[in-house]
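In: give me coordinates for this.
(one chain, ligands or ions: 1)
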Amino acid sequence: MFNKLLIANRGEIACRVITTARRLGIDTVAVYSDADAAAKHVAMADEAVHIGPPAANESYLLGERIIAAARQTGAKAIHPGYGFLSEQPDFVAAVEAAGLVFVGPSADAIRAMGLKDAAKTLMEQAGVPVVPGYHGASQDPGELANAAAEIGYPVLIKARAGGGGKGMRLVNRPEEFSAALAGAQREAASSFGDPACLVEKYIQQPRHIEIQVFGDSHGNIVHLFERDCSLQRRHQKVIEEAPAPGMPAAVRAAMGRAAVEAARAIGYVGAGTVEFIADGAGALREDGFWFMEMNTRLQVEHPVSEAITGLDFVELQLRVAAGEALPFVQDDLSIDGHAFEARVYAEDVARDFLPATGRLDYLAFPEGTEFERGAVRIDSGVRQGDEISPWYDPMIAKLIVHGPDRGAALNLLDAALSRCHVAGSVTNLAFLGRLARNLDFASGAVDTGLIGRDVANLAAEEPPSAVVTALAALGALGLLARREGIDPWDLLAGWRHWTDARQYVQLEHEGERLSLEVTGLHDGSFAVITPEGELQLAVAADGDNRYRVTTDGVRRHAEVVTTPGRVAVFLSGQAATFQLPDALAESAADQGAGDAVFAPMPGVVRVMNVETGATVSRGDVLLVLEAMKMEHSLAAPRDGVVAEVHVAPGDQVTEGGLLVALESADS
Ligand code: ADP
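Out: I've put the predicted structure just below:
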């Protein structure tokens with residue numbers, strides 16, 4: 001085994017790899033960009049090397065810099081994590097040419113699976129079922145349209161170099177085919193530099209089921225059962241689980257065999273995932289699943305498989321990379337219980353899941369293990385006080401739960417999500433919580449359309465309860481802080497001068513103004529008049545930001561976090577952040593009263609639709625900003641005439657930067 005490992009990644013996966021390396025007595029080297037100088041993965045590693053500015057293509061994607069960092073620190077091997085350089089065959093070749101070990105498959109294996117069309121041909125030859133379709137060389141629209149007719153509508157057009165759901169088009173009718181193909185080719189060319197597309201039968205009500213495989217350099221290949229990743233939003237995984245609900249033993253064995261064949265066909269070494277699409281319209285069948293693609297790396301969702309197999313996949317990766325044989329054969333492996341993983345993101349669910357940024361003023365996870373197997377496991381690359389920067393994936397944490405059966409694990413998931421408390425950025429936690437309580441999901445009736453069919457309900461904001469609002473009022477008035485740290489067991493707020501002292505406070509929640517009246521009572525409790533009515537509550541401090549709140553004879557734990565301009569309240573699974581009026585006044589000023597468009601986050605201008613002097617209507621898209629790996633259309637705030645254009649396509653903009661100004665409304 002090598003004695004020093006460089007991790008060519010950041011965030012939770014870098015921390016995850018460091019944890020296992022440390023347990024194995026391997027020294028670790030982190031790499032970091034300017035944006036990550038104070039990041040958790042840097043703090044955790046034994047050594048760290050600065051590799052460039054925040055933009056990934058100037059740091060985490062620079063193979064030579066990373067190899068130089070390994071040389072400089074004497075690291076013998078490089079673990080790529082997922083994303084970034086993990087599936088770049090040229091990087092693998094460069095690592096090996098430098099005399100270092102790449103913890104992953106060979107460059108050839110990555111190349112073989114890199115393009116969807118070639119991979120499908122290869123899999124067909126290996127006897128692995130592939131989705132019926134056309135994956136030949138021709139890109140002639142007429143020929144592809146004929147192929148689509150032969151396959152039978154509906155069909156799915158996919159970019160052969162695609163990933164992340166980009167360049168995919170569902171086509172329901174022959175007359176829509178040519179326009180859809182042109183669109184897919186354009187998107188493929190701009191996203192992947194390769195316009196080539198393939199055509200597939202569109203599977204109605206599909207389930208995404210993937211098989212974890214592992215190979216070693218001695219020719220052994222096993223599978224470690226399946227994960228069901230059908231809970232997706234726009235082809236992005238949201239909650240994953242292992243094993244798949246309703247998986248018959250015979251289908252599991254057939255999928256496992258097919259995955260092992262797929263890996264064997266390319267001489268696979270290391271951890272990999274063979275993704276299948278399965279017909280979810282009825283029970284899973286041995287003839288009802290088809291190869292989609294192989295991911296030649298560790299997956300984000302690997303912890304659910306670790307949970308049910310009791311194995312540490314990073315340890316296995318390192319052992320295999322060091323030349324050791326897998327320590328088991330297929331028959332040694334079995335499934336223990338059921339596991340779920342939920343991906344907690346800084347994103348604004350109400351604004352179409354727009355990625356969010358911000359400083360994590362408060363971050364409390366449920367009790368659990370970190371990066372290691374447990375009933376509740378938290379894999380997170382951020383700590384309280386850290387910044388979710390616009391430069392990378394806005395993931396806050398992966399919450400992984402493991403129980404004796406699916407129902408028990410789902411209960412744990414719901415509880416763990418409700419105990420995950422974040423202030424300082426919006427998150428998808430409430431959305432994940434509603435998903436965990438969704439009845440179709442609970443019954444195991446999952447397919448990739450589940451979230452989309454019900455997204456309005458799943459994404460709906462619930463108004464805060466009266467108790468939550470009352471606590472926010474107390475927090476905003478500084479009535480909770482007053483006795484903190486003096487005697488945590490005492491009731492808060494003095495009873496002496498408080499009698500009938502009435503205070504008023506205004507809060508805003510989701511754009512709605514709330515006026516509240518608070519009265520301190522003789523016994524130290526408070527009467528609060530909220531829009532929902534009056535209530536009386538007693539509050540006792542219980543540690544930093546923690547309180548015991550009693551209303552109507554029921555005592556509950558709450559967390560109240562006040563930061564300049566904001567107060568966040570967490571109470572029994574409810575979470576709400578309120579803004580204080582001063583902050584509102586400031587942000588209203590920032591918005592220039594609707595006369596201008598500012599950058600909502602740092603990014604690059606991709607498209608500029610207007611020039612100075614143009615007449616625009618409210619809602620017209622003025623420009624398209626690419627940020628956080630997605631495109632965001634920025635629209636005119638009102639009807640008017642463009643007075644100033646401050647950016648051009650290709651320009652980098654900072655958050656809050658003025659992009660376009662309209663002529664003032666009264667000029
Ligand atoms: P990408 O590489 O862009 O992520 P994939 O080929 O992995 O694309 O497909 C992403 C998702 O799209 C799948 O998880 C599934 O939900 C859906 N999908 C892919 N192929 C089909 C198909 N033939 N029929 C129906 N849905 C599909």
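In: check the burial of residue 137 by counting its neighbours.
Out: The number of residues packed near residue 137 is 7, by other C-beta atoms under 10 Å. Bear in mind the C-beta positions are built from the backbone N, C-alpha and C, glycine included.
In: which SSE is it in?
Out: According to DSSP states H and E, residue 137 maps onto no helix or strand at all.
In: which secondary structure state does the residue of the stretch 451-600 of the chain found nearest the ligand sit in?
Out: Proximity to the ligand, evaluated over the stretch 451-600 of the chain using C-beta to the nearest ligand atom, is greatest for residue 452 at 10.3 Å. In the three-state summary, residue 452 is assigned as helix, counting by DSSP: H, G, I helix; E, B strand; the rest coil.
In: point out where the protein drops to low pLDDT.
Out: Within the chain, the stretches falling below the threshold (pLDDT under 70) are 481-500, 582-593, 628-631, 666-667.
In: could you list the contact residues of it toward the ligand?
Out: Residues of the chain lying near the ligand by C-beta under 6 Å from any ligand atom: 131, 156, 158, 162-166, 200-203, 206, 208, 232, 235, 275, 277, 292-293, 448.
In: out of these, which end up buried?
Out: Among the residues of the chain next to the ligand, those scoring as buried are 131, 156, 158, 162, 166, 200-203, 206, 208, 232, 275, 277, 292-293, 448 (criterion: 16 or more other C-beta atoms under 10 Å).
In: quick one: contacts for the residue of the stretch 451-600 of the chain closest to the ligand?
Out: 233, 234 (C-beta atoms under 8 Å, 6 or more residues apart in numbering).
In: neighbours of the spatially closest residue to residue 337 that is not a sequence neighbour, how many?
Out: Distance criterion C-beta to C-beta, 6 or more residues apart in numbering; nearest residue to residue 337, sequence neighbours excluded, is residue 404 at 4.9 Å. Each residue near residue 404 was counted by other C-beta under 10 Å, and the total is 11.
In: from what I can see residue 611 touches residue 645, true?
Out: Yes - with contact defined as C-beta atoms under 8 Å, residue 611 and residue 645 form a contacting pair (6.3 Å).
In: in terms of neighbours, single out the busier of those two.
Out: For residue 611 against residue 645, the residue with the higher neighbour count under other C-beta under 10 Å is residue 645, and the figures read 17 against 8.
In: roughly how far apart are the more buried one and residue 347?
Out: Separation of residue 645 from residue 347 (C-beta to C-beta, to the nearest Å) stands at 29 Å.
In: same thing with residue 210?
Out: Separation of residue 210 from residue 347 (C-beta to C-beta) stands at 24 Å.
In: can you check residue 318 too?
Out: Spatial separation of residue 318 from residue 347 under the definition C-beta to C-beta is 33 Å.
In: repeat for residue 622
Out: Between residue 622 and residue 347 the computed distance is 23 Å (C-beta to C-beta).
In: mind listing the strands the lengthiest strand in the chain pairs with, and their directions?
Out: Using DSSP state E to assign secondary structure, the strand with the most residues in the chain is strand 221-233. Taking DSSP bridges as the criterion, strand 221-233 forms sheet pairs with strand 206-215 (antiparallel), strand 236-242 (antiparallel).
In: next, the buried residues of that strand.
Out: Within strand 221-233, the residues that count as buried by 16+ other C-beta under 10 Å are 221-233.
In: columns distance to residue 567 on top of the residues you listed, output as TSV?
Out: Formatted as TSV, these follow (distance: C-beta to C-beta, whole Å):
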residue	distance to residue 567
221	55
222	52
223	50
224	46
225	46
226	44
227	39
228	39
229	37
230	38
231	32
232	35
233	30
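In: and which of those residues is nearest the ligand?
Out: If you rank the buried residues of strand 221-233 by distance to the ligand using C-beta to the nearest ligand atom, residue 232 comes first, at 5.5 Å.
In: surely the closest one and residue 447 touch.
Out: No - under the criterion of C-beta under 8 Å, residue 232 makes no contact with residue 447, lying 9.5 Å away.
In: contacting residues for residue 80?
Out: For residue 80, counting by C-beta under 8 Å, 6+ apart, the contacting residues are 8, 9, 86, 91, 102, 103, 104, 297.
In: please tell me how far the fifth one sits from the ligand.
Out: As judged by C-beta to the nearest ligand atom, to the nearest Å, residue 102 and the ligand stand 22 Å apart.
In: name the SS class of the closest residue to that residue other than its chain neighbours, please.
Out: The shortest distance from residue 102 to any residue other than its chain neighbours is 4.4 Å, reached at residue 95 (C-beta to C-beta, 6+ apart). Three-state call for residue 95 (three-state DSSP): helix.
In: residue 426 too?
Out: Criterion first, three-state DSSP; result for residue 426: coil.
In: what separation is there between it and residue 571?
Out: Relative to residue 571, residue 426 is positioned 18 Å away (criterion: C-beta to C-beta).
In: over to residue 252?
Out: Residue 252 sits 42 Å away from residue 571, going by C-beta to C-beta.
In: and for residue 226?
Out: Residue 226 is 38 Å from residue 571, where distance means C-beta to C-beta.
In: can I get the host helix or strand of residue 435 in PDB, CA atoms only?
Out: Remark: residue 435 resides in helix 429-436, with elements defined by DSSP H and E. This file holds the C-alpha atoms of helix 429-436, laid out as PDB (Å, rounded to 0.1, in the frame of the first residue of the first chain):
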ATOM      1  CA  LEU A 429     -34.500  20.200   3.100                       C
ATOM      2  CA  ALA A 430     -38.200  20.800   3.300                       C
ATOM      3  CA  PHE A 431     -38.600  19.400  -0.200                       C
ATOM      4  CA  LEU A 432     -36.600  16.300   0.700                       C
ATOM      5  CA  GLY A 433     -38.700  15.900   3.900                       C
ATOM      6  CA  ARG A 434     -42.000  16.000   1.900                       C
ATOM      7  CA  LEU A 435     -40.500  13.500  -0.500                       C
ATOM      8  CA  ALA A 436     -39.600  11.200   2.400                       C
END
